[in-house]
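In: give the three-dimensional model of this entry:
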Amino acid sequence: MSTATPIPETWELDGDDARQTLLNTGRRQLARDAFTRMRAADGFSHARSLAFVTTLVLLEGIIGLVGLASVLGSHRFGNVVSDIVEQVVPGPAGEVLTQTVRQARTAASAGEWFGLVFGLVGALVTATTLMGQMERVSNRLYGVERDRPTKEKYTRAFVLAVTAGLAASLAFVMLTFGHGLTHDGDSVATTVWRVARWPVALGLMVAAIALLFRYAPRRHQPEWSWLAYGAGISVVGWALASVGLGLFFRLSTSFGDTYGPLAGTVGLLLWAFFTSVSIVYGASVAAQLEAVRAEGIAPPQEPPEWVENDAQQELVVAGTGGAE
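Out: Numbering: from 1, shown residues only. Predicted coordinates for the structure are as follows:
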């Protein structure tokens, strides 16, 4: 399995160090080096794994929330879940999850507690697996070849699933349920909420991702200020992916015809994949920023290439002697 150049653990780094390192390195240079580090750590393969598990968490979580609404006897709560899906997940991807809401409601009418128990327990177990996978990709980005022992790894993953998962869920709810509150009138409180919910929700999302960056890798991590920039990059990438896919699905005249009844599933997987790539790339940015500060470490070079020599092709490797 590919692993990027190891980064020495750094201590006593404060926010001023992070800002100065970012200024000295340059945002463009850091972005390029972070992408190289991500490729060296096989980040896209890890992102595909994260996307698959993320899709399962979404489906199980929706079933659990609809089951909770059924137990509480609240149809309005179920409508809120539909609003969250429609506004956060773009195009046909949202349609798949909305269909899941309708089917979960039908199932809940037959057995109120089944959907709640099956959905929430399943979502928690799958989210723990997701956080375990997040540790793996984080370790590879920092050059750590071995994960924590199984018990320690998944105990920590469970805690991250509850804490970071709760923060991300609250951010989703604020972006959508807050929209419903704007129909209650034009009072001062409503006007303030219309504006304030956006920075608060995005701040919660940045905090959730920074929490992963801080506690997922098997190493001592720097202060929060070193991780906030990478977490912000992840949130921006997620927002751009959601908006971009939404526009693509809306303007495309052939996507639905090409995939037919599978369009929604493909759309959901695409959205989950681009979201996962954004998170992995943000983690790579945070890792590379610390690498520059630690010892001016550059990202790994591209794999050796075959080049033409006058008489033959030979593999260029540093320190290789002549032909035997």
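
In: hang on, residue 5 in a helix?
Out: No: under DSSP: H, G, I helix; E, B strand; the rest coil, residue 5 sits outside any helix and is assigned coil.

In: wait, it touches residue 40, no?
Out: Yes: if you go by Cβ atoms under 8 Å, residue 5 and residue 40 touch, sitting 7.2 Å apart. Any C-beta I mention is one placed from the backbone N, CA and C, and that applies to glycine too.

In: between the two, which is the more surrounded one?
Out: With neighbours defined as other Cβ atoms under 10 Å, residue 5 and residue 40 compare such that residue 40 has more, 21 against 18.

In: residue 140 versus that one, what's the distance?
Out: Distance of residue 40 to residue 140, given as Cβ to Cβ, to the nearest Å: 9 Å.

In: measure the closest residue in space to residue 160 that isn't next to it in sequence to residue 274 for me?
Out: Closest residue to residue 160 apart from its sequence neighbours, by Cβ to Cβ, 6 or more residues apart in numbering: residue 131 at 4.3 Å. Distance, residue 131 to residue 274, using Cβ to Cβ: 20 Å.

In: of these two, which one has the most company?
Out: Set residue 131 next to residue 274 and count neighbours by other Cβ under 10 Å: residue 131 wins out with 26 against 18.

In: and the one helix or strand that one maps to, what's buried?
Out: Here residue 131, judged by DSSP states H and E, is contained in helix 112-141. By neighbour count on 16 or more other Cβ atoms under 10 Å, the buried set for helix 112-141 is 112, 115-116, 118-120, 122-124, 126-141.

In: just stretch 230-238 next, same as before
Out: Across stretch 230-238, burial judged by 16+ other Cβ under 10 Å covers 230-235, 237-238.

In: how about low-confidence regions in this structure?
Out: Low-confidence regions of the chain, defined by pLDDT under 70, span residues 1-2, 12-16, 69-116, 173, 175-187, 189-190, 261, 295-324.

In: could you pull out the strands for it?
Out: 306-308, 313-315 (DSSP state E).

In: contacts only, for residue 56.
Out: By Cβ atoms under 8 Å, 6 or more residues apart in numbering, the contact list for residue 56 reads residue 126.
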